[in-house]
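Engineer: Okay, here's the prediction I keep looking at, along with the sequence it came from:
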There are 2 protein chains.
Amino acid sequence: MKCRICGKEAFVKLRSYNLALCEEHFVEFVRRRVEKAIKKFKMVSKEDHILVAVSGGKDSIVLWHVLNELGYRTTGYFLNLGIDEFSNKSQKIAEEFANRFSLELKVEYLRDVLGVGIPEIARISKGKPCSTCGMIKRYLINRAGLDYDAVATGHNLDDESSVLFGNILHWQVEYLERQSPILPRDRTLAKKVKPLVLLTNHEIKLYADVLGLPYIPDSCPFSTGATTHYYRDILNTLEERMPGTKIRFYMGFIENKKGFKVKEKELKPCERCGYLTTAGICSFCRLRERIKIQFNLR
Amino acid sequence: MKCRICGKEAFVKLRSYNLALCEEHFVEFVRRRVEKAIKKFKMVSKEDHILVAVSGGKDSIVLWHVLNELGYRTTGYFLNLGIDEFSNKSQKIAEEFANRFSLELKVEYLRDVLGVGIPEIARISKGKPCSTCGMIKRYLINRAGLDYDAVATGHNLDDESSVLFGNILHWQVEYLERQSPILPRDRTLAKKVKPLVLLTNHEIKLYADVLGLPYIPDSCPFSTGATTHYYRDILNTLEERMPGTKIRFYMGFIENKKGFKVKEKELKPCERCGYLTTAGICSFCRLRERIKIQFNLR
């Protein structure tokens, strides 16, 4: 198997593209996919200052690396969720990466913001804390991002297509309409972009491994058996049988989604913090209130 | 487990509806689902004369039985495809059913129409003859149906949701727009209705078995390993984990499909036979021509 670009021995065959590549041209391929997503969806320009949400996992590390390689101006943002060893290890990786490439990293501690971490929130949650944790991350990443031209997150094709799969299976029309690789700035909502949407989990992991980038290989101790993991498995089975299914499914949706025009709920500033919400007080401020009472904080 | 209606011992639990039923009330349930589909989608009225496309399989037999039980005026239509034993056995079952319930059955032989049966067509086809066979059935059932107020076919929820699944996975927008439980009359296209769309394979088979209706249990010898079977398996896996997925997926689509407005291709009468087509000469007339040449028919 030879690299289609240079004819040297290939080390990977990308079945969705029927494309064999050597290490060097695979790395180039990944960068071109990111650049393609940025251009296609008009995400950011070289003048923009981008806040990259970095968790320490492979996706956000690769995202930050590629954006930097492509010459974008970036600052990292790491939110320490207070999940003991997991959060500390993740933070070390983000810091190690920032040092290695001389990049600026902002660190925020959930304990400083709310007085507690995710483990305490898990104790007062019914079921898994994942949706609350997601809400917290969206809120704080957004807040940090307001000083920048855009916030970039590491959502990849597997993430986006599995969420899409669930939303379509249950026809969650409001979510379908909001599902996009780019969301423009709207008052107190920062602009959000997902430059990795054209790359799979597998491709991203390979990029990190080929370049020896540091990342935390474990997934969060709280997130096991989620339904999106199940959709992901189904899409992987389909991909196995029909290579290219995920990218066609996702891109086909993006091209046809104008069909899902639903009456959007009007967003108004939260009475406490100004974050846009459909309720009078946003979920984050309501959670903060609840934590104060439950944990007797001032 | 008790029947929710009468409290007698239940013999089936329908997990999608969280509903246990005895035999008697299960039979009633099936009939109500058919009536609901007919009313919801305004398929037919009691004044209409309906041509029921009967293959001898469980779906079309159950369809014909329920329509008759509900008091609709029906005539059966059986197309003998010339697939040796399979077609002859199927025809016997359709005839046996018609006799038992004193219903009229029209029989047409593909050999009379084209000079050959599906086995000969399979020989001159690349790959499986299934899509050609489907086209032939649509054409001849439609032709027979032009003298009636509507043509009813036995497509069930498993059929419709698996086709939908494939069309959405690959964003076949033109097919998505045409996928409907009812297609109105349009010049030489008869009105088509699918009264079993709210019932699963499993429910339909159970109805046939409970009432001891005759049906051919084998599937066509030509149709194995089709991709729609694969989609069907995936939907069944999803249904197993999340009961009600198939019906929600299908109904959600029907309710949201107005979004998929694509510019419809204009249909014009075929120059040979008048059947509406996007080409100058329809696929059926082109096949007929090809068969004449290949098999040296006059």
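Structural biologist: Structure's in. What do you need? Numbers count the residues shown, from 1 in each chain, chains lettered A, B, ... in the order given.

Engineer: those helices in the stretch 51-200 of chain A, which residues are they?
Structural biologist: Here the stretch 51-200 of chain A has its helices, by DSSP state H, counting those that start in this stretch, at A:58-69, A:84-100, A:110-114, A:118-124, A:130-145, A:157-169, A:173-178.

Engineer: Going by contacts, tell me the helices and strands next to the fifth one.
Structural biologist: Helix A:130-145 is packed against strand A:49-53, strand A:73-80, strand A:104-109, helix A:110-114, helix A:118-124, strand A:150-152, helix A:283-294, with contacts defined by 3 or more Cβ pairs under 8 Å, 6 or more residues apart in numbering or on different chains; DSSP states H and E. For the C-beta atoms, the positions are set from N, CA and C on the backbone; glycine is no exception.

Engineer: and A:G127, how many residues sit next to it?
Structural biologist: Other residues within reach of A:G127, judged by other Cβ atoms under 10 Å in any protein chain shown, total 8.

Engineer: if I look at it, how far off is chain B?
Structural biologist: For A:G127, the distance to chain B equals 16 Å [Cβ to the nearest Cβ, to the nearest Å].

Engineer: picking up where we left off before, comparing the helices and strands packed on helix A:130-145, which comes out most buried?
Structural biologist: Burial of the helices and strands packed on helix A:130-145 is given as mean neighbour count (mean count of other Cβ atoms under 10 Å in any protein chain shown); strand A:150-152 ranks first at a mean of 25.

Engineer: Quick check: neighbours of that one in the sheet, parallel or antiparallel?
Structural biologist: strand A:49-53 (parallel), strand A:192-193 (parallel) (DSSP bridges).

Engineer: Around chain B, which positions in the stretch 101-250 of chain A sit nearby?
Structural biologist: For the stretch 101-250 of chain A, the residues in contact with chain B (Cβ under 8 Å from any Cβ of the partner chain) are A:168-171, A:173, A:230, A:234, A:237-238, A:241, A:245, A:248-249.

Engineer: got JSON lines for the strands paired with strand A:150-152, with mean pLDDT too?
Structural biologist: Converted to JSON lines, the strands paired with strand A:150-152 look like this (pLDDT from 0 to 100):
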{"stretch": "strand A:49-53", "mean pLDDT": "98"}
{"stretch": "strand A:192-193", "mean pLDDT": "98"}
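
Engineer: For B:R143, which of those strands is the nearest?
Structural biologist: Set against B:R143 and scored by Cβ to Cβ, the strands paired with strand A:150-152 come closest in strand A:192-193, at 54.9 Å.

Engineer: Can you get me a residue count around the closest residue to A:L164 other than its chain neighbours?
Structural biologist: Closest residue in space to A:L164, ignoring its immediate chain neighbours: A:F253 at 5.7 Å, by Cβ to Cβ, 6 or more residues apart in numbering or on different chains. Other residues within reach of A:F253, judged by other Cβ under 10 Å, total 22.

Engineer: before we move on, what about A:M251?
Structural biologist: 16.

Engineer: Start and end of stretch A:152-160, how far apart?
Structural biologist: 14 Å (Cα to Cα, to the nearest Å).

Engineer: Give me the contact list for it.
Structural biologist: With contacts defined as Cβ atoms under 8 Å, 6 or more residues apart in numbering or on different chains, stretch A:152-160 is touched by A:43-44, A:50-53, A:55, A:57, A:59-63, A:67, A:74, A:141, A:179, A:181, A:192-201, A:204, A:228, A:232, A:235-236, A:246-247, A:250.

Engineer: How about stretch A:84-97?
Structural biologist: Identification of contacts with stretch A:84-97 by Cβ under 8 Å, 6+ apart yields A:54-57, A:61, A:64-65, A:76, A:78, A:80-81, A:103, A:105, A:107, A:117, A:119, A:213-216, A:218, A:220-221.

Engineer: could you flag which of those residues are buried?
Structural biologist: A:54-57, A:61, A:64-65, A:76, A:78, A:80-81, A:103, A:105, A:117, A:213, A:215-216, A:220 (16 or more other Cβ atoms under 10 Å in any protein chain shown).

Engineer: any idea of the pLDDT on A:E266?
Structural biologist: A:E266 is assigned a predicted lDDT (pLDDT) of 86.

Engineer: Give me the nearest residue to A:D218, chain neighbours excluded.
Structural biologist: A:F86 (6.8 Å).

Engineer: Neighbours of that neighbour, how many?
Structural biologist: Close neighbours of A:F86, defined as other Cβ under 10 Å, add up to 18.

Engineer: dump the residue contacts of whatever residue of the stretch 1-150 of chain A ends up closest to chain B.
Structural biologist: When scored by Cβ to the nearest Cβ, the stretch 1-150 of chain A has A:S16 as its residue closest to chain B, at 13.6 Å. A:S16 is in contact with A:T200, A:E239, A:P243, A:G244, A:K246, A:I247, counting by Cβ under 8 Å, 6+ apart.

Engineer: Nearest to chain B: which residue in the stretch 51-200 of chain A?
Structural biologist: A:W171 (2.9 Å).

Engineer: and that residue, how many neighbours does it have?
Structural biologist: When neighbours are counted by other Cβ under 10 Å, A:W171 registers 18.
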